[in-house]
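# no sequence on hand, only this structure:
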């Protein structure tokens, strides 16, 4: 987040989005690791949750940009066809 460099803050936004998804160790397993979105190389899901919660502390979230993604993700995983495929 260098003020003299023009960027769209993609990395910061991504970290903020993951922080919004991850509150506890169970979130790492259920939402991210089990679907292959996140690979845990830290040793424990609790450490991953702690890492993102610490990193996200100083970020100023723009939750408006994440609302559609979260809603679409929930909708996708709640459809009957996807539930049957994942079972």
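The structure has been received and is ready for your questions. Here the structure is a predicted model, which means the values were calculated and not measured.

# and the most centrally placed residue in the chain, how far from residue 68?
Centrality entry for the chain: nearest residue to the mean C-alpha point is residue 18, 2.3 Å, by CA atoms, centre = their mean. Separation of residue 18 from residue 68 (CB to CB, to the nearest Å) stands at 16 Å. All C-beta spots, glycine's among them, are computed from the backbone N, C-alpha and C.

# in the helix ranked longest in the chain, what's buried?
Using DSSP state H to assign secondary structure, the helix with the most residues in the chain is helix 64-78. Within helix 64-78, the residues that qualify as buried by neighbour count (16 or more other CB atoms under 10 Å) are residue 66.

# so where do the helices sit in the chain?
Listed in chain order (using DSSP H), the helices of the chain are 10-21, 25-27, 45-55, 64-78, 80-86.

# save those as JSON lines, and put in mean pLDDT too.
Supplementary listing: the helices of the chain in JSON lines, determined by pLDDT from 0 to 100:
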{"stretch": "helix 10-21", "mean pLDDT": "79"}
{"stretch": "helix 25-27", "mean pLDDT": "84"}
{"stretch": "helix 45-55", "mean pLDDT": "86"}
{"stretch": "helix 64-78", "mean pLDDT": "76"}
{"stretch": "helix 80-86", "mean pLDDT": "59"}
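
# got those as a markdown table, with distance to residue 36 columns?
As requested, the helices of the chain are exported to a markdown table (distance: least, CB to CB, whole Å):
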| stretch | distance to residue 36 |
| --- | --- |
| helix 10-21 | 14 |
| helix 25-27 | 15 |
| helix 45-55 | 15 |
| helix 64-78 | 14 |
| helix 80-86 | 12 |
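
# for residue 34, find the nearest of these.
Judged by CB to CB, the one of those that comes nearest to residue 34 is helix 80-86, at 9.3 Å.

# returning to that earlier point: now do the longest helix of the chain: distance to the chain's middle.
Using CA atoms, centre = their mean, to the nearest Å, the distance from the centre of helix 64-78 to the centre of the chain it belongs to is 11 Å.

# just checking, what packs against that helix?
With contacts taken as 3 or more CB pairs under 8 Å, 6 or more residues apart in numbering; DSSP states H and E, helix 64-78 sits against helix 10-21, helix 80-86.
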